[in-house]
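# Sequence isn't available, so here's the structure alone:
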């Protein structure tokens, strides 16, 4: 089993390969790998990411079949089902790294900002359930940076990632225990749609790279 720091290093290396556009032929899928994974899996990291089609975690981290346990939901929000999925992978497979992966220009964050600008606008109850989970993390930013939409969106994306990571750290007794004594690490990261680079910026060890 990899430690959280070892898994994080592999994800950093994989993202560097992705950005450099190195040859990944055969890495994501192969008959041999598929056969080996029928009986069991041992993912190196759990990724709670956004559903955005431009941010497939396995590809942006340069990983293949069986490497990542991926949970995707618009806005990388945290709800009971997402917490349960993280608990399951951390307990069942011994995975010790959780990454909350947001991205630049997140549509769910945009929709939340729009709802703050126009609270009278109608949204489906299902979309509103996503917006309502993002809103608390960005309301203050909206008040302070409302006259600078581009800057507001950049800061709001990161605030939402931090909030989701914090909810995972503090919203489950199982995860809290694994963090305290089991070596589990929950980190926040942002993928840049423009450059392909993933920046890890929240929850890193104090002596680790930013």
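Sure thing, it's come through. Quick caveat: nothing in here was measured; it's all calculated off a predicted structure. Residues are numbered from 1 along each chain as shown.
# State the pLDDT value of the spatially most distant residue from the centre of the chain.
Distance from the C-alpha centroid of the chain peaks at residue 120, with 30.6 Å (CA atoms, centre = their mean). Per-residue confidence (pLDDT) for residue 120: 81.
# how much space between it and residue 114?
Here residue 120 is placed at a distance of 11 Å from residue 114 (CB to CB, to the nearest Å). C-betas here are computed from N, CA, C, even on glycine.
# one step back: how near is the residue farthest from the centre of the chain to residue 143?
18 Å.
# Same check on residue 11?
Residue 11 is 35 Å from residue 143, by CB to CB.
# Who has more neighbours out of those two?
residue 11 (26 against 9; other CB atoms under 10 Å).
# who's in contact with the more buried one?
44, 45, 61, 63, 97, 99, 198 (CB atoms under 8 Å, 6 or more residues apart in numbering).
# how about a cut-off of 6 Å?
Neighbouring residues of residue 11 by CB atoms under 6 Å, 6 or more residues apart in numbering: residue 61.
# Regarding it, what is its secondary structure?
Three-state assignment for residue 11 (DSSP: H, G, I helix; E, B strand; the rest coil): helix.
# what about it, distance to residue 98?
Residue 11 is 11 Å from residue 98, by CB to CB.
# swap in residue 58?
Distance from residue 58 to residue 98, by CB to CB: 16 Å.
# Moving C-terminal from the helix or strand bottoming out on mean pLDDT in the chain, which element do we reach first?
Sorting the helices and strands of the chain by mean pLDDT, DSSP states H and E puts helix 31-36 at the bottom, at a mean of 66. With elements assigned by DSSP states H and E, the helix or strand that comes after helix 31-36 is strand 45-49.
# Let me see the backbone angles for residue 201.
phi -140, psi -10 (degrees, to the nearest 10).
# show me what contacts it?
So residue 201 contacts nothing (CB under 6 Å, 6+ apart).
# a strand runs through residue 98, doesn't it?
Yes. Assignment of residue 98 by three-state DSSP places it within a strand.
# Need the pLDDT of residue 41.
84.
# pretty sure it is in contact with residue 64, am I right?
No. Using CB atoms under 6 Å as the test, residue 41 is too far from residue 64 to be in contact (11.9 Å).
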